[in-house]
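Visitor: Sequence first, then the predicted structure:
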Amino acid sequence: QVQLVESGGGLVQPGGSLMLSCAASGSIFRINDMGWYRQAPGKLRELVATISAGGSTNFADSVKGRVAISRDDAESTVNLQVSSLKPEDTAVYYCYAKIEAYRDYVARDYWGRGTQVTVSS
């Protein structure tokens, strides 16, 4: 069974920074894309940033210049560093990964349960 577990959310003041971390575990053969999405109350889930197995990155326009994404394939982790936080960044942040498990080597999308980030003074 493959799992993604996020950590690092919380309450942050506007202008502050935080780092979100996500660890994948289970019977993993290969991890392809990894990334972060977020969902604010009353809104659809949206892309924040992704990183491919080769290190190519993709960022939402709303966060460009304020986020960095990195991965550690040896640890099966992906991190998101967000700076200059704004109240509109408030959302539940979900870790995402496309993973091939040993059971059948088919690439599937996996999601974490989410971590709340609240930006408020």
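Guide: Sure thing, it's come through.
Visitor: Let me know whether V63 touches S83 as I believe.
Guide: No. Using CB atoms under 8 Å, V63 makes no contact with S83, being 9.7 Å away. For glycine as for every other residue, the C-beta is placed from the backbone atoms N, C-alpha and C.
Visitor: When those two are compared, which one has more neighbours?
Guide: Taking neighbours as other CB atoms under 10 Å, V63 and S83 compare with V63 leading, 22 against 14.
Visitor: so what's the more buried one closest to, chain neighbours aside?
Guide: Once flanking residues are discounted, V63 sits nearest to V48: 5.9 Å by CB to CB, 6 or more residues apart in numbering.
Visitor: now swap in C22 and tell me
Guide: C95 (3.4 Å).
Visitor: Now that neighbour, what are its backbone angles?
Guide: The phi/psi pair for C95 (degrees, to the nearest 10) reads phi -80, psi 140.
Visitor: circling back to that earlier point, that's a strand at the residue nearest to V63, yeah?
Guide: Yes. Using DSSP: H, G, I helix; E, B strand; the rest coil, the assignment for V48 is a strand.
Visitor: wait, isn't C22 in contact with M34?
Guide: Yes. Contact status for C22 versus M34: in contact at 7.5 Å, counting by CB under 8 Å.
Visitor: any shared contact partners between the two?
Guide: V78, C95, A97 (CB atoms under 8 Å, 6 or more residues apart in numbering).
Visitor: Can you lay out those residues as TSV showing neighbour count, distance to G9 and pLDDT?
Guide: Shown next, in TSV, are these (neighbours: other CB atoms under 10 Å; distance: CB to CB, whole Å; pLDDT from 0 to 100):
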residue	neighbour count	distance to G9	pLDDT
V78	28	15	98
C95	27	11	98
A97	24	18	98
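Visitor: Which one of those residues is nearest to G26?
Guide: A97 (10.8 Å; CB to CB).
Visitor: which ones are touching the closest one?
Guide: L4, C22, A24, I31, N32, D33, M34, G35, V78, D109, Y110.
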